[in-house]
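Q: Structure of the sequence below:
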Amino acid sequence: MRVVLVAVMVLLLAAMGASRAEVTGDVGGTVDVGRFHWHYAYHLVWDGEAVTVRCTIHLVPVGGATRAEVDRAAEAWRRYIDRFWGSFYRLRLSDGPAVAIRFDVRFAAVAEDNEVTVWPKERPEQSVSWSVRSPPLYIAHEFGHLLGLYDEYPGGAVDPATSLIDATSIMGAYPGPNARPYPRHYEAIRRWAEDHIGAGPVKLEAVGGTEAK
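A: So this is what the prediction gives:
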């Protein structure tokens with residue numbers, strides 16, 4: 001009887017381990033819009049509880065910026081990006097459970113998925129050129145480009161397929177304190193989840209529980 005119980009426990013533990021096996025995927029590409037050109041890359045990880053967007057960025061000090069300055073700025077940027085992009089939406093699987101979308105930004109001193117130069121003085125931010133004085137909200141905008149997102153303001157790298165302009169969006173020009181992401185900004189994540197972890201349609205919903213439109 002004891003042998004049978006042990007065998008059952010082993011089978012249950014094995015099943016639990018299998019159900020929690022990670023599913024991973026890589027997303028990346030190049031965006032070319034007029035005079036704008038950049039590369040982006042990130043990884044998606046499903047661990048049975050949440051989908052994590054993992055993005056590693058190689059920060060390169062230039063123009064006299066020191067590694068210590070860059071590291072101090074990077075810590076504030078990392079905390080802000082993870083909190084900002086991870087606080088608005090979650091996924092709803094077809095069989096009912098809600099799944100968190102988490103962001104895990106990692107800044108590295110060696111070449112990784114994305115490379116960004118960092119300057120010591122204020123200058124107009126670009127997807128791959130920041131300043132140690134760049135406000136975290138502006139870096140959250142630039143991080144959107146590293147997810148493959150377009151600008152949503154006149155004169156920017158606007159999506160040629162939609163020509164979308166939205167001053168309330170995080171991808172608008174000089175986003176203010178009320179700027180936010182919208183469901184369209186998470187569509188690649190939703191599609192990946194639908195293809196890899198859902199047994200049917202996967203919906204995006206606000207963290208409060210209402211379906212995102």
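
Q: Can you show me the strands along this protein?
A: In the chain, the segments counted as strands under DSSP state E are 23-33, 36-46, 50-61, 89-92, 98-108, 114-119, 129-131, 203-206.

Q: quick one: contacts for the most centrally placed residue in the chain?
A: When the chain is reduced to its mean C-alpha position, the nearest residue by Cα atoms, centre = their mean turns out to be V53, at 4.9 Å. V53 makes contact with Y42, H43, L44, W85, I101, R102, F103, D104, L147, I189 under the criterion Cβ atoms under 8 Å, 6 or more residues apart in numbering. In short, each C-beta sits where N, CA and C put it, glycine included.

Q: about what we covered before: which one of the strands of the chain lies nearest to L164?
A: Nearest to L164, of all the strands of the chain, is strand 23-33, at 12.5 Å by Cβ to Cβ.

Q: Report the rounded mean pLDDT for that closest one.
A: Along strand 23-33, the predicted confidence averages to a pLDDT of 94.

Q: Next: stretch 181-197.
A: So the average pLDDT for stretch 181-197 ends up being 96.

Q: Off-centre distance for it?
A: Stretch 181-197 has its C-alpha centroid displaced from the chain centroid by 11 Å (Cα atoms, centre = their mean, to the nearest Å).

Q: And stretch 50-67, by the same measure?
A: Centre-to-centre, stretch 50-67 and its host chain are 13 Å apart (Cα atoms, centre = their mean).

Q: Keeping just the C-alphas, turn that stretch into PDB.
A: This file holds the C-alpha atoms of stretch 50-67, laid out as PDB (Å, rounded to 0.1, in the frame of the first residue of the first chain):
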ATOM      1  CA  ALA A  50       2.300  34.700 -16.100                       C
ATOM      2  CA  VAL A  51       3.700  35.800 -19.400                       C
ATOM      3  CA  THR A  52       6.900  37.600 -18.900                       C
ATOM      4  CA  VAL A  53       8.300  40.000 -21.500                       C
ATOM      5  CA  ARG A  54      12.100  39.700 -21.000                       C
ATOM      6  CA  CYS A  55      14.200  42.300 -22.800                       C
ATOM      7  CA  THR A  56      18.000  42.800 -22.400                       C
ATOM      8  CA  ILE A  57      19.600  46.000 -23.400                       C
ATOM      9  CA  HIS A  58      23.200  46.700 -23.800                       C
ATOM     10  CA  LEU A  59      23.900  50.300 -22.500                       C
ATOM     11  CA  VAL A  60      27.000  51.900 -24.100                       C
ATOM     12  CA  PRO A  61      28.300  55.100 -22.400                       C
ATOM     13  CA  VAL A  62      29.300  57.700 -25.000                       C
ATOM     14  CA  GLY A  63      30.300  61.400 -25.100                       C
ATOM     15  CA  GLY A  64      31.900  61.300 -21.700                       C
ATOM     16  CA  ALA A  65      29.100  59.500 -19.800                       C
ATOM     17  CA  THR A  66      30.600  57.200 -17.100                       C
ATOM     18  CA  ARG A  67      29.600  53.700 -16.400                       C
END
